[in-house]
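Trainee: With the sequence up front, the predicted model follows.
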Amino acid sequence: MSEMPKVGDVAPGIEAETYGGEKIKLSDYKGKRTVALYFYPKDNTPGCTKEACSMRDGMDELQKLGIQVLGVSTDGVKSHENFRSKFDLNFPLLSDKSKDIINAYGVESDYGSARRITFLIDKSGVIRHIWMKVRTSSHFEEVVEKVKELGL
């Protein structure tokens with residue numbers, strides 16, 4: 001497993017499949033949006049559902065600030081489609097069954113899934129903040145607060 005990148009590092013590039021066969025790359029947002037790249041262990045589990053719903057509920061405010069939310073777990077595309085549909089999630093979930101992204105960011109748990117960690121990546125692709133401990137029920141508020149504090 002790779003070492004976790006630090007604040008000030010250029011974020012490792014990623015590409016992953018999402019619903020409908022669409023591929024999303026981190027570079028798609030370079031120069032355009034700040035990215036909240038959040039890793040979570042598993043679709044449809046209590047903490048992960050709270051965190052995803054927090055992001056969903058705060059999406060208007062996040063979008064006004066130019067923030068793109070991307071969720072990443074080792075669940076497959078079909079699982080993500082069901083999770084998105086069940087909770088009406090309004091942002092992409094990236095399938096990382098190969099663990100390429102999880103390994104690039106050094107966030108694999110002892111159980112083989114992703115640890116709950118969020119990286120705030122600015123428009124130039126630099127990591128500006130890392131949440132090692134996430135308040136699942138109000139995570140979007142933490143992201144908004146930090147983006148405003150950093151002037152991103």
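Mentor: Happy to help now that I have it. Just so it is clear, the structure is predicted and the values come from calculations on it, not from any experiment.

Trainee: For Thr118, name its beta-bridge partners.
Mentor: Tyr38, Trp131 (DSSP bridges).

Trainee: okay, it: pLDDT?
Mentor: Among the per-residue scores, Thr118 shows a pLDDT of 96.

Trainee: Kindly report the same for Ser137.
Mentor: Reported pLDDT for Ser137: 84.

Trainee: could you measure it against Gly66, distance?
Mentor: In this view, Ser137 and Gly66 are 24 Å apart by C-beta to C-beta, to the nearest Å. Where C-beta positions appear, they are placed from N, C-alpha and C, glycine not excepted.

Trainee: next one: Val144
Mentor: 11 Å.

Trainee: So which of the two has more stuff around it?
Mentor: Each of Val144 and Gly66 has its neighbours counted (other C-beta atoms under 10 Å); Val144 has more, 18 against 14.

Trainee: how many other residues sit next to Arg56?
Mentor: 17.

Trainee: what's the answer for Lys32, then?
Mentor: Neighbour number of Lys32 under other C-beta under 10 Å is 10.

Trainee: which residues does it contact?
Mentor: By C-beta atoms under 8 Å, 6 or more residues apart in numbering, the residues touching Lys32 are Gly66, Lys123.
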